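>>> Next input, structure requested:
(chains A and B)
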Number of protein chains: 2
Amino acid sequence: MELQAMGQAAKQAAFTLATTATAQKNQALAFIADELEARQAEILAANEKDLAAAREGGMSEALLDRLMLNESRLAAIAGDVRNVIGLPDPVGAELDSRVLENGMRLSRRRVPLGVVGVIYEARPNVTIDIAALCLKTGNASILRGGRETFHSNMALVSVIQQALEKAGLPAAAVQYIAKPDRELVSELLTMDQYVDMIIPRGGAGLHKMCKEKSTIPVIIGGFGISHAFVDQSADLARALDVVENAKVQRPSACNALDTLLVHEAVAAQFLPMLAARMNQNKVTLVAEAQALGLLKGQADQLRAAQEGDFDTEWLSYTLGVKLVPDVDAAIQHMQAHNASHSDAILTNDLMSAERFINAAGSAAVYVNASTRFTDGAQFGLGAEVAVSTQKLHARGPMGLEELTSYKWVGQADYLCRR
Amino acid sequence: MELQAMGQAAKQAAFTLATTATAQKNQALAFIADELEARQAEILAANEKDLAAAREGGMSEALLDRLMLNESRLAAIAGDVRNVIGLPDPVGAELDSRVLENGMRLSRRRVPLGVVGVIYEARPNVTIDIAALCLKTGNASILRGGRETFHSNMALVSVIQQALEKAGLPAAAVQYIAKPDRELVSELLTMDQYVDMIIPRGGAGLHKMCKEKSTIPVIIGGFGISHAFVDQSADLARALDVVENAKVQRPSACNALDTLLVHEAVAAQFLPMLAARMNQNKVTLVAEAQALGLLKGQADQLRAAQEGDFDTEWLSYTLGVKLVPDVDAAIQHMQAHNASHSDAILTNDLMSAERFINAAGSAAVYVNASTRFTDGAQFGLGAEVAVSTQKLHARGPMGLEELTSYKWVGQADYLCRR
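Residues are numbered from 1 along each chain as shown, chains lettered A, B, ... in the order given. As a prediction, the model looks like this:
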């Protein structure tokens, strides 16, 4: 019942935000950034409570580091909010404005989505990040962070709500589900009378639950096997640099390379080069039979590929390797193995490049560039809400525009439909 | 299991369609139109079976008419398919092509959604209509029509599949779930590994079921209370024409007027005009207290509004009437009563018009025009797949472009992410 009241308040706040001028939204953002700095001691003390509980619970050092705030991290978060102030407000822009035969001027006008529900884990910066992007685009948000960041998030949401009120905006524009009960998440997912979109930011389990339980549209993202295909015509030395970058720059990222497909005609030349470079990076190669033969004695860490290996998102220093006779065989392999995120072809052949671009089922396709580029900042979107791997609404990195919908606006001189 | 095989075949067909040239897709459409005419006797015989069964089952004359095909209706359906041939193919168009600082050319390229599942009722023309629009946009489709159109649909799908094969395209590009079992619909709604979008075309019950059961994105549409607000500055005689059109041209349509809001300052003048015009059209007025007083003795069919009347989509010759002191009060009423489809303001006041456009939460907003305009053909989209009242992906009438997604395409000269 309490959650229903939050939903109702969010919807009401969304009506206000929909017609709030950009200057006032930016003012609220500026207050958030200022208060993050002014209330630094309070926020860090709250974060310390979370850290103490997490340490006691035996959280790993890597996760503790994700949870941890300090002066410089808070300053960086405030800086991110100020960056959002500088981004153009997409709301109100008119698209495709035209005059119909009957004299009606018909346009589509960008509007906020309304109320966005966000379910996320670990990192407390997500709280500020999402709240700022939603606010900038005139959306109300209902946030639900992980239990391990509870005290940090309560402090951050208090900062946000204070800033909203100081700017003359409803505090309900950003709300936080504080109670730990898991059923509240299920309830949020069915509040379709109030909530317009659900963004899950977390692992595959969270996405699966949202997809199954939600009656509200969900942005699914972040999964998929990433492929690179080294074509016969590729510049092999430079292709190797791209493959190395895609695999080792940040293996834990969802756009890191999982499977390397190599044209048979250049395999004998390319695989020893690959083995040497991967040895330098301590990458394990998982190769199907043909590739295995060429890699034996070359690769330090090598094993034969087994069932399921080419369906595995490694997220580690591991790379699948397979030979293919041509670009169509590469595409067939990709279609059979969930190529839906980021894939690259390395080639100098125009037909191969065009065939790869059009036939790959991925959210992002690269010609002679690393799969690691799939990222809102790299794409110049200014900010990133999520990376979508579904096909409806938005695909790939989602920026501010992807937090908007549109309405049709028809203006005429007392026109009836005849 | 059988449905899973259909899903798999559809996905495979979608891969083929994604790179099929427009000319070949148009060829298949031309074959469909030709075969509809060539196999007319067979189709009408199948339709006669459905009609006979429906008559025996006691179907109403109105529904029988929706179900019925004849020579001229078949010719019209073939004509619609030929119209689709003439529409531009949105697939392959590049949006926002630009060169990033690092030299990468980044574009978004329109691509088909993949596999579209459509669940619909009664009218057999929907089978051809949806199949043609999906085919034009390179999408595979899985169709599920109502039981009462079974024989007609089997004949129509046979025509489509024959045409597909004649054009060298996979028959699985358009498939039909023939078995009557209701569980098949539930199964279709969870086949998210194969199906990219669900379009329900039917009543509120069907939409609700899809929203609750589907793990695939659903296009929800067609519902919402439609409002018109007659402002103080409106040209009352011409406003009356628009109100009449919105209410009586086709009361059963989802964009027909449900509630009329009238500015207090012009109510004494406007309501008698309204009563006279509505009397001519045998429209029942359902008025709140203030309006009721002004309508008494004027309106032939009049009753006091009760709880829930302003939340009712009438779909009949009934109109709710309420007085409001200003545009903001009109907006408040609309926000409280599910204004999400089509709403109109009748005014000569610039501030009121702009306030109404921006604050109304509807998919389509009109200034001095009838709500009846919300329609793909009226908007010049050439075709209409559905009218969406949700905010994600597409809103309002959906044409061919709304059956597409996009992929990001990055082209560079062996570029790594640094």
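>>> isn't there a strand covering A:Leu260?
Yes - assessed with DSSP: H, G, I helix; E, B strand; the rest coil, A:Leu260 lies in a strand.
>>> tell me the SS of A:Arg417?
Following three-state DSSP, we place A:Arg417 in the coil state.
>>> Name the nearest residue to it, sequence neighbours excluded.
Nearest residue to A:Arg417 in three dimensions, chain neighbours excluded: B:Arg372, at 4.0 Å (C-beta to C-beta, 6 or more residues apart in numbering or on different chains). In this view, the C-beta of every residue, glycine as well, is placed from N, C-alpha and C.
>>> pretty sure that neighbour is in contact with B:Ala246, am I right?
Yes - using C-beta atoms under 8 Å as the test, B:Arg372 is close enough to B:Ala246 to be in contact (5.6 Å).
>>> For the residue lying closest to A:Arg201 once chain neighbours are set aside, give me its contacts.
Distances taken as C-beta to C-beta, 6+ apart place A:Tyr120 nearest to A:Arg201, at 4.0 Å, with adjacent residues excluded. Contacts for A:Tyr120 (C-beta atoms under 8 Å, 6 or more residues apart in numbering or on different chains) come out as A:Val126, A:Thr127, A:Ile130, A:Leu143, A:Arg144, A:Gly145, A:Gly146, A:Pro200, A:Arg201, A:Gly202.
>>> what do you get for A:Arg123?
Neighbouring residues of A:Arg123 by C-beta under 8 Å, 6+ apart: A:Arg66, A:Leu67, A:Thr149.
>>> That one and A:Gln298, how far apart?
Distance check for A:Arg123 against A:Gln298: by C-beta to C-beta, to the nearest Å, it reads 40 Å.
>>> three-state assignment of A:Glu148?
Per three-state DSSP, A:Glu148 ends up helix.
>>> Please give me every residue in contact with it.
So A:Glu148 contacts A:Asp50, A:Ala53, A:Ala54, A:Gly57, A:Met59, A:Leu67, A:Ala122 (C-beta under 8 Å, 6+ apart).
>>> Report pLDDT for A:Gly221.
pLDDT, A:Gly221: 82.
>>> again but with A:Ala122, I slipped
At A:Ala122, pLDDT is 68.
>>> Would you mind listing the residues touching both of B:Arg372 and B:Ala246?
With C-beta under 8 Å, 6+ apart, B:Arg372 and B:Ala246 have common neighbours B:Ala256.
>>> So the two - more neighbours on which side?
B:Ala246 (30 against 26; other C-beta atoms under 10 Å in any protein chain shown).
>>> Now for the more buried one: which residues touch it?
Applying C-beta under 8 Å, 6+ apart, the residues near B:Ala246 are B:Ser226, B:Ala228, B:Ala256, B:Leu257, B:Ala344, B:Ser370, B:Thr371, B:Arg372.
>>> change it to 10 Å
Going by C-beta atoms under 10 Å, 6 or more residues apart in numbering or on different chains, B:Ala246 touches A:416-417, B:226-228, B:253, B:255-258, B:260, B:319, B:342, B:344, B:366, B:369-373.
>>> Filter those down to the ones in strands?
Applying DSSP state E to the contacts of B:Ala246, the entries found in strands are B:His227, B:Ala228, B:Leu260, B:Leu319, B:Ser342, B:Ala344, B:Tyr366, B:Ala369.
>>> So what's the residue count around A:Phe79?
You called it Phe, but residue A:79 is Gly. Using other C-beta under 10 Å, A:Gly79 has 11 other residues around it.
>>> From B:Cys134, how far out is it?
A:Gly79 sits 47 Å away from B:Cys134, going by C-beta to C-beta.
>>> quick one on the thing from earlier: weed out the non-buried ones from the contacts of A:Arg123.
Among the contacts of A:Arg123, those buried by neighbour count (16 or more other C-beta atoms under 10 Å in any protein chain shown) are A:Leu67, A:Thr149.
>>> Find me the pLDDT at A:Met1, would you?
At A:Met1, the model reports a pLDDT of 61.
>>> Show me the contacts of A:Tyr120 that map onto strands.
Mapping those onto strands (DSSP E) picks out A:Leu143, A:Arg144, A:Pro200, A:Arg201.
>>> And the nearest residue to A:Leu403 once chain neighbours are set aside, how close does it get to chain B?
Leaving aside its sequence neighbours, A:Leu403 sits nearest to A:Thr137 (C-beta to C-beta, 6+ apart; 4.2 Å). According to C-beta to the nearest C-beta, to the nearest Å, A:Thr137 stands 12 Å off from chain B.
>>> list the contacts for A:Thr137?
A:17, A:25, A:84, A:87, A:89-91, A:110-113, A:116, A:383, A:385, A:399-404.
>>> In helices, which of those residues fall?
Applying DSSP state H to the contacts of A:Thr137, the entries found in helices are A:Leu17, A:Lys25, A:Val84.
>>> Excluding chain neighbours, give the residue nearest to the first one in space.
For A:Leu17, ignoring the flanking residues on the chain, the nearest one in space by C-beta to C-beta, 6+ apart is A:Gly138 at 4.3 Å.
>>> With A:Ala344 instead?
Distances taken as C-beta to C-beta, 6+ apart place A:Tyr366 nearest to A:Ala344, at 4.0 Å, with adjacent residues excluded.
>>> Check which residues of the strand or helix carrying A:Glu48 are buried.
Following DSSP states H and E, one finds A:Glu48 within helix A:40-56. By 16+ other C-beta under 10 Å, the buried positions in helix A:40-56 come out as A:Gln40, A:Ile43, A:Leu44, A:Ala46, A:Asn47, A:Asp50, A:Leu51, A:Ala54.
>>> swap in stretch A:350-363?
A:Ser352, A:Ala353, A:Arg355, A:Phe356, A:Ile357, A:Asn358, A:Ala359, A:Ala360, A:Gly361, A:Ser362, A:Ala363.
>>> tell me the average confidence for that stretch?
95.
>>> Could you export that stretch as CSV, CA atoms only?
Output in CSV follows, covering the C-alpha atoms of stretch A:350-363 (Å, rounded to 0.1, in the frame of the first residue of the first chain):
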residue,chain,number,x,y,z
LEU,A,350,33.9,-4.0,-49.2
MET,A,351,31.4,-6.8,-49.9
SER,A,352,32.4,-8.7,-46.8
ALA,A,353,32.1,-5.5,-44.7
GLU,A,354,28.7,-4.7,-46.0
ARG,A,355,27.5,-8.3,-45.7
PHE,A,356,28.8,-8.4,-42.1
ILE,A,357,27.1,-5.1,-41.1
ASN,A,358,23.8,-6.1,-42.5
ALA,A,359,23.6,-9.8,-41.4
ALA,A,360,25.0,-9.5,-37.9
GLY,A,361,22.1,-9.4,-35.4
SER,A,362,24.0,-7.3,-32.9
ALA,A,363,23.2,-4.0,-31.3
